[in-house]
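[1] One predicted model, sequence on top.
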Amino acid sequence: MKNLSEIKTIGVQLSVILILFSCVSTKNLNVREELFQQQGKAQGTTYSIRYIASDSILTSLTTEKLFAELDQSLSIYKEGSLISRFNESPTGITVDAHLKAVVEKALNINRVTNGSFDITVYPLVDIWGFGVRGHGKLPDSATIKNILSCVGSKFLKLNVDFLGKEKSCVKIDVNGIAQGYSVDYLASHLDKLGIKNYMVEVGGEIKTKGSNTINNRDWAIGIEQPNDEGFEPYRAILKVKDAAVTTSGSYRKFYDSDGTRVTHLINPFTGYSIVSDLISVTVMAKDAITADGFDNALMFLGQKKALAFLEAHKELEAYMIYKKPDGTIADTATAGFKKFLLPVNH
């Protein structure tokens, strides 16, 4: 049986999440159950699926088909995908259930956060080098000002299955929420298969159901402390049951330009990288799409405003790592999140 010192590190784009697990089998009602696991690469990152069952009911081929289905709808990197067709369209397109669900949630989070989370920032994300074109010449203020006229969820109109746009230059990027949706979609497939205990992770975004019955404990997740030079030992561990956990941060996807850090988190109001004392935000919610959307919005708000927002939205719990004015690193969490934290011995 593996103990807390045996932690498997899952690499992620924005933060590193360590998942504690055991592979010992046991007996339950005379049925031998095991912890099955599936790992691979998808959506430009890695994924890991762990579930407890009497046999390996989920095949790798099935998982590949599920990811291919999602990419055909949501990937800006896949030519001919629905989202790519929308971005190329002058007025809009008919969307499938995947893109519709993601856009609906994104528009909802946009309204709740007063525009802090906005999927129409794609032209800005792209021009700063975090989109399909990659890093090139930095944009000047005139270019950014021109692009800002095409940014704003107010230009999107979702009517039944038709996603329209008021300006042909409006383009969307759902990367800030799509992986959360992907996690939920994979989890829903496990639900259909009758799996009652699982942990699904895509790019560090996680959803759990039930518990680790092999070890007779809740699923455990470690949040590693970010560091510009690499990573220090994990800063916190939390126990999770029937919840989703996602992380957003500014220390993974960035580059330096004349002494200024340019991150992939773009302010939809200014067109430049967000300026925040927050280094990373880990959100716990009932589903991964919700957590994934709000972790980005909270990064935008900064530590104090984020805590005030969370106070008014009890359906969310969060853990934040931030930089103090003196440059030291500190953390804080909502009272609800603290209930899930386990002692950490450094």
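    Done, it's in.
[2] I figured residue 185 hits residue 71, correct?
    No. In this structure residue 185 lies outside contact range of residue 71 using C-beta atoms under 8 Å: 11.7 Å. All C-beta spots, glycine's among them, are computed from the backbone N, C-alpha and C.
[3] Tell me which of the two has more neighbours.
    Using other C-beta atoms under 10 Å, the more surrounded residue of residue 185 and residue 71 is residue 185, with 22 against 19.
[4] host element of the more buried one?
    Assigned by DSSP states H and E, residue 185 falls within helix 175-192.
[5] Pull out the buried residues from that helix.
    For helix 175-192, the neighbour count (16 or more other C-beta atoms under 10 Å) marks 175-187, 190 as buried.
[6] for stretch 72-89, same thing?
    Here stretch 72-89 shows 72-76, 81-84, 86-87 as buried, counting by 16+ other C-beta under 10 Å.
[7] Farthest-apart pair in those residues, please.
    Farthest-apart pair in those is 72 and 87; separation 14.7 Å (C-beta to C-beta).
[8] just checking, which of the buried residues of stretch 72-89 belong to helices?
    72-74, 82-84, 86-87 (DSSP state H).
[9] could you dump those residues to JSON lines with pLDDT?
    As requested, those are exported to JSON lines (pLDDT from 0 to 100):
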{"residue": "72", "pLDDT": "97"}
{"residue": "73", "pLDDT": "98"}
{"residue": "74", "pLDDT": "97"}
{"residue": "82", "pLDDT": "98"}
{"residue": "83", "pLDDT": "97"}
{"residue": "84", "pLDDT": "96"}
{"residue": "86", "pLDDT": "98"}
{"residue": "87", "pLDDT": "97"}
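[10] Closest one to residue 290 out of those residues, please.
    Among those, and counting by C-beta to C-beta, the member closest to residue 290 is residue 74, at 16.6 Å.
[11] Check the ones in helices among the buried residues of stretch 72-89 against residue 200 and report the nearest one.
    In terms of C-beta to C-beta, no member of these lies closer to residue 200 than residue 74, at 16.6 Å.
[12] measure the closest one to residue 296 for me?
    Using C-beta to C-beta, to the nearest Å, residue 74 is found at 16 Å from residue 296.
[13] now do residue 32
    When residue 32 is compared with residue 296 (using C-beta to C-beta), they lie 42 Å apart.
[14] More neighbours: which of these two?
    The neighbour count for residue 32 versus residue 296, taken as other C-beta under 10 Å, is higher for residue 296 (25 against 10).
[15] What does that one show for phi and psi?
    phi -70, psi -40 (degrees, to the nearest 10).
[16] next one: residue 34
    According to degrees, to the nearest 10, residue 34 has phi -130, psi 160.
[17] Disregarding flanking residues, what is the spatial nearest neighbour of the spatially most central residue of the chain?
    Among the residues of the chain, residue 292 comes closest to the average C-alpha position under C-alpha atoms, centre = their mean, at 4.0 Å. Spatially, and ignoring its direct neighbours in sequence, residue 292 is nearest to residue 180 (2.6 Å; C-beta to C-beta, 6 or more residues apart in numbering).
[18] for the stretch 201-346 of the chain, which spans come out with low pLDDT?
    Residue ranges of the stretch 201-346 of the chain with pLDDT under 70: 225-233, 250-263, 344-346.
[19] what are the ranges of the helices in this protein?
    So, for the chain - with DSSP H - the helices run 60-74, 82-88, 97-112, 122-127, 141-148, 175-192, 288-301, 303-312, 335-338.
[20] which regions of the stretch 51-200 of the chain sit below the pLDDT cut-off?
    131-137.
[21] in the sheet, who's paired with residue 53?
    The bridge-partner assignment for residue 53, based on DSSP bridges, gives residue 34.
[22] Just give me the neighbour total for it.
    Residue 53: 19 neighbours (other C-beta under 10 Å).
[23] can you pull the contacts of it?
    33-34, 36, 195 (C-beta atoms under 8 Å, 6 or more residues apart in numbering).
[24] let's go with 7 Å and repeat that
    Contact analysis of residue 53 by C-beta atoms under 7 Å, 6 or more residues apart in numbering lists 33, 36, 195.
[25] Could you give the number of residues near the second one?
    If you count neighbours by other C-beta under 10 Å, residue 36 ends up with 18.
[26] my guess is it contacts residue 51, does it?
    Yes. Here residue 36 reaches residue 51: they are 5.7 Å apart, a contact under C-beta atoms under 7 Å.
[27] could you dump the buried residues of stretch 72-89 to CSV with distance to residue 240?
    Output for the buried residues of stretch 72-89, formatted as CSV (distance: C-beta to C-beta, whole Å):
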residue, distance to residue 240
72, 31
73, 28
74, 25
75, 28
76, 30
81, 32
82, 32
83, 30
84, 35
86, 35
87, 36
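[28] closest to residue 337 among the residues you listed?
    The closest of these, once distances to residue 337 are taken by C-beta to C-beta, is residue 74, at 28.6 Å.
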